[in-house]
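Enquirer: Sequence below, structure please.
(one chain, ligands or ions: 2)
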Amino acid sequence: MFWQALVKIIELKQDLDVVLSMFVKDTCKLLNIDACSVFILDDTEHVYTLSASTLVPTLKSGMIYISARDDLLGKVALREEALVVADMSKAPSYSVLQTLSRNKLQSLLAAPVVHKGEVIAIIAFQLSDKDKITENLQTDVATLCANLSLPLNRAIHIEDISEQIEDQPQSPLFFDGISANEGVQKGVAVGRYNITDIEEIPDKLTQSEDEENLFIAAVKEVKASLKEMLQRINLLVGNSEASLFEAYLQMIDSSRFYDAIIHYIRQGIWLQSAIKRVVLEQVAIFEQMDETYFAERASDIRDLGKRVLLVLENKILKKSHYAVDTVLVASEVTASMIAEVPKGRLKAIISEHGSSYSHAAILAKALSIPFVTGIKALPVSFIDGKEVIVDAYVGRIYIQPTKGLKTAYERLIKHESQKAVELQAIKDLPSETLDGHAIELKANVGLIADLDRAVTQGAESVGLYRSEIPFMIRERFPSEDEQRIIYQQILSTFPNKPVVLRILDVGADKTLPYFYEEEQNPALGWRGIRMMLDQSNLFLMQIRAMLKASLHHNNLRILLPMITTIEEVKEAKKLIRQAYKEVVEEGFDIELPAIGVMIEVPAAAILIDRIIGLVDFVSIGSNDLAQYILAVDRTNEKVASLYDQLHPAIIRVLYHLVKTTKKHNTEISLCGELGGNPLATALLVGMGFDSLSMNAAVLLKVKHVLRNVSYKQCRNVLKHVLKLATTEEVHTYLENFLVENDLGGLIRAGIN
Ligand code: PEP
Ligand code: MG
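Expert: Ligands and ions are numbered 1, 2, ... in the order given. Presented below is the predicted three-dimensional model:
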């Protein structure tokens, strides 16, 4: 498709001027038009600046601009619609394009590039007056502009940031994202790079003296592995296919590669930067040559560079020095990057891509590390090594903060840690309101680290054990016995309390590396109980492991995720009974466990009165329930602002669920993120939940709210909130409620 090639140009990591001038030229060629011009919104000046045009080959950006009211093109911005003019000379208003084209190109099609309701650019396509703007051209342009929205917005954003950095490299800067785990911290940024993206490697000066030796060692290792591959391929398919590796081996020793890198290192350039420079220089030379053969060589040299970088990464990692107050920064932070930071040094995490439900976020929550993600165009290399403040309450980070800001945040951080110490005092006190209404506060557990925290934070038990976590960090399914050992650890931590183990809930965003099938719409696909009932052998194996683990304590409760139909509940119960019979026959003296369902699919919420009779308890998974009620993917950063578990529709459904289960005397708890949000505590208590299960890191905050409000107040909060129609109203009301009760500090550091 023609537009894909044009979008790719905009995605190139080069200066916006350069990219746009390539774009206008290629657009003329591909759409067969005479001229193309791009005007970019300058939102501080409220004008559109001509940023590239085939009419002005030597354009200096900023020289020509139009205001929406004065130029014919302005109509596009005002109406947010494309404009077709058959003859510009007869149009009611003048356009700068007439002058630029010396009145030779009178047919005009101008189209907006709209991002989040704002016209961020106007693209003008011109033809000579005898040529007509065809319907085909109009639909092509509409398609192109729609596809440009995200990449162009991103490119403009990156350009703005780079200009800001270039103009005032020492000035403070801030970036906004979304919070993947709340909290506030400060520290020194340690950038981690995605070495598959060579352009992302920063230009830095030497970091240590032995970089030349490190490079020599890395080259030796790469050569050894290339030789091994060469031999293997030779044996498999013969000489000709193996020639690629021979070419690599020659290249790695060549003066263009090896000597050039050594040269840069000796000039004091950081080893990785030196590799990047040499690779990109060579790529540029090859790419200028027109033949396919040379394009292939460009990709080979990139590949070779990546191989050396990969080996280096592993070598350097082993010696990496993480500051005592490390703020991990990467385009995408992975769980392993977090795990690599030595214990106690990781203070906060920042990333461009990710969501609050990613692996990394789950880990950050377990470790209580503030995490801001979704920062558009995060300049990792600029931030690397700089002082950073991470405010993950509001999802903002500050780079090179001013002295005043630093002092203010130091106060907040101190306040936070004091608060955490103070909260320890209520750890063993009852979880009840001022007037004695008790509600159990339990922990959500996935990693064994969560289990320790559950104990130290005074959780009454485990309200949700996400059994998929140990499955996700392995390379194959754990055996029945491996599973039994893990479950035993969970069950024996709270031997006298019921402990809720959830059946494997994989699929959608929680995939297993060794058991995965691409789906068009995974959140609505083969996940949770659906997969487990289809793969009943896996289900039975897990149940058997859970049952055996419950020996001596008999405190197991089994929770079924993603229930949508009555049949699923019946089938799961049948299999559980079968496994129970088998295990008892094997000599295990255990009781049949209580069985509960997660209510996280709207169908199950609607059918709750029919489901209740089949189960012993109900647990609401507000994370998924919100995703399906709101029709918002909980992991998609593009729609993150629409995902809010305090949406009035969700509140109504939750209340309906509590009322119905209570009518049937069935126990109901909530184990989604909402349960651990102090903002929602009074509301949920008012509804009548028996227990809330949450990330143990926030448990004492929730307990503090609980112990400082009365049940009567909670009922009033519920009554009031049920009348509200928008999420914003709910937030404002609940925030005010906490502040009025001197509890504001629980949702925002430093308040109260
Ligand atoms: C939920 O959906 O609310 C829930 C607790 O399950 P998970 O977040 O593991 O999908
Ligand atoms: Mg869920």
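Enquirer: hey, let's count contacts and neighbours off CA atoms from now on
Expert: Will do.
Enquirer: Near ligand 1, which residues of the stretch 601-750 of the chain are found?
Expert: Residues of the stretch 601-750 of the chain lying near ligand 1 by C-alpha under 6 Å from any ligand atom: 621-624, 671-672.
Enquirer: Ok, the chain next?
Expert: Contact residues, the chain versus ligand 1 (C-alpha under 6 Å from any ligand atom): 600, 621-624, 671-672.
Enquirer: possible to save those residues as TSV with distance to residue 25, secondary structure and pLDDT?
Expert: Converted to TSV, these look like this (distance: C-alpha to C-alpha, whole Å; DSSP: H, G, I helix; E, B strand; the rest coil; pLDDT from 0 to 100):
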residue	distance to residue 25	secondary structure	pLDDT
600	52	coil	97
621	53	coil	97
622	51	helix	97
623	48	helix	94
624	47	helix	96
671	55	coil	97
672	52	coil	93
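Enquirer: Give me the below-cutoff pLDDT ranges for the chain.
Expert: Scanning the chain for pLDDT under 70 picks out 129, 194, 196, 207, 236-242, 290-296, 315-320, 357-359, 748-752.
Enquirer: Find the closest residue to ligand 1 in it.
Expert: Per C-alpha to the nearest ligand atom, residue 621 is where the chain lies closest to ligand 1, at 2.9 Å.
Enquirer: That residue: neighbour count?
Expert: By the criterion of other C-alpha atoms under 10 Å, residue 621 has 23 neighbours.
Enquirer: can you pull the buried residues of stretch 516-527?
Expert: 523, 526-527 (16 or more other C-alpha atoms under 10 Å).
Enquirer: Send me stretch 691-706 as CSV with only the CA atoms.
Expert: Extracted C-alpha coordinates of stretch 691-706, given in CSV (Å, rounded to 0.1, in the frame of the first residue of the first chain):
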residue,chain,number,x,y,z
SER,A,691,-13.3,-8.7,52.2
LEU,A,692,-10.9,-6.9,49.9
SER,A,693,-7.8,-8.4,48.4
MET,A,694,-5.0,-6.2,47.2
ASN,A,695,-1.3,-5.7,46.6
ALA,A,696,0.1,-6.0,50.1
ALA,A,697,2.2,-2.8,49.5
VAL,A,698,-1.0,-0.7,49.9
LEU,A,699,-2.8,-2.8,52.5
LEU,A,700,-2.0,-0.6,55.4
LYS,A,701,-3.2,2.5,53.6
VAL,A,702,-6.5,0.9,53.0
LYS,A,703,-6.6,-0.2,56.6
HIS,A,704,-5.9,3.3,57.8
VAL,A,705,-8.9,4.7,55.8
LEU,A,706,-11.0,1.9,57.2
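Enquirer: which two in the residues of the stretch 601-750 of the chain next to ligand 1 are spaced the farthest apart?
Expert: For these, the farthest-apart pair by C-alpha to C-alpha is 624 and 671; their separation is 10.7 Å.
Enquirer: Rebuild the residues of the chain next to ligand 1 as CSV, extending it with distance to residue 158.
Expert: Listed next are the residues of the chain next to ligand 1 as CSV, based on distance: C-alpha to C-alpha, whole Å:
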residue, distance to residue 158
600, 39
621, 38
622, 36
623, 33
624, 34
671, 39
672, 36
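Enquirer: Show me which of those are buried.
Expert: Among these, those classed as buried by 16+ other C-alpha under 10 Å are 600, 621-624, 671-672.
Enquirer: give me the number of residues near residue 367?
Expert: The local packing of residue 367 (other C-alpha under 10 Å) involves 18 other residues.
Enquirer: Now do the helices in the stretch 551-700 of the chain.
Expert: 566-585, 602-606, 608-611, 622-630, 648-663, 678-687, 699-707 (DSSP state H, counting those that start in this stretch).
Enquirer: So which of the ones you listed is nearest residue 332?
Expert: Using C-alpha to C-alpha, the helices of the stretch 551-700 of the chain put helix 622-630 closest to residue 332, at 22.5 Å.
Enquirer: quick one: the closest one to helix 648-663, angle?
Expert: In terms of direction (axes from the mean of the first three to the mean of the last three C-alpha atoms, to 10 degrees), helix 622-630 departs from helix 648-663 by 120 degrees.
Enquirer: which residues sit against helix 622-630?
Expert: Residues from elsewhere that reach helix 622-630, judged by C-alpha atoms under 8 Å, 6 or more residues apart in numbering: 599-602, 632-634, 643-645, 649-650, 670-674.
Enquirer: again, but for stretch 356-374
Expert: In contact with stretch 356-374 (C-alpha under 8 Å, 6+ apart) are residues 177-185, 333-335, 338, 346-355, 390-392, 395-397, 447, 449-450, 509, 634-635, 637, 695-697.
Enquirer: Keep only those of those residues that are in strands.
Expert: 178-181, 184-185, 346-353, 390-391, 396-397, 695 (DSSP state E).
Enquirer: Contacts for stretch 96-105, please.
Expert: 34, 55-56, 66, 71, 88-89, 106, 126-129.
Enquirer: Cross these against strands and list the overlap.
Expert: Short answer: the contacts of stretch 96-105 in strands (DSSP E) are 66, 126-127.
Enquirer: Find the nearest non-adjacent residue to residue 611, please.
Expert: Nearest non-adjacent residue to residue 611, counting by C-alpha to C-alpha, 6 or more residues apart in numbering: residue 566, 6.5 Å away.
Enquirer: quick one: the one you found and residue 620, what's the gap?
Expert: For residue 566, the distance to residue 620 equals 17 Å [C-alpha to C-alpha, to the nearest Å].
Enquirer: What of residue 558?
Expert: To residue 620, residue 558 is 14 Å away according to C-alpha to C-alpha.
Enquirer: same question, residue 34
Expert: 61 Å.
Enquirer: what does residue 390 give?
Expert: 32 Å.
Enquirer: what about the two, which has more around it?
Expert: When residue 390 and residue 620 are compared for neighbours, residue 390 comes out ahead with 29 against 25, by other C-alpha under 10 Å.
Enquirer: Just list whatever residues bridge to the more buried one.
Expert: Beta-bridge pairing of residue 390 under DSSP bridges involves residue 185, residue 397.
Enquirer: Give the other helices and strands that the helix or strand hosting residue 330 contacts.
Expert: Per DSSP states H and E, residue 330 falls inside strand 326-332. Packing partners of strand 326-332 (3 or more C-alpha pairs under 8 Å, 6 or more residues apart in numbering; DSSP states H and E): strand 184-192, strand 346-353, helix 380-383.
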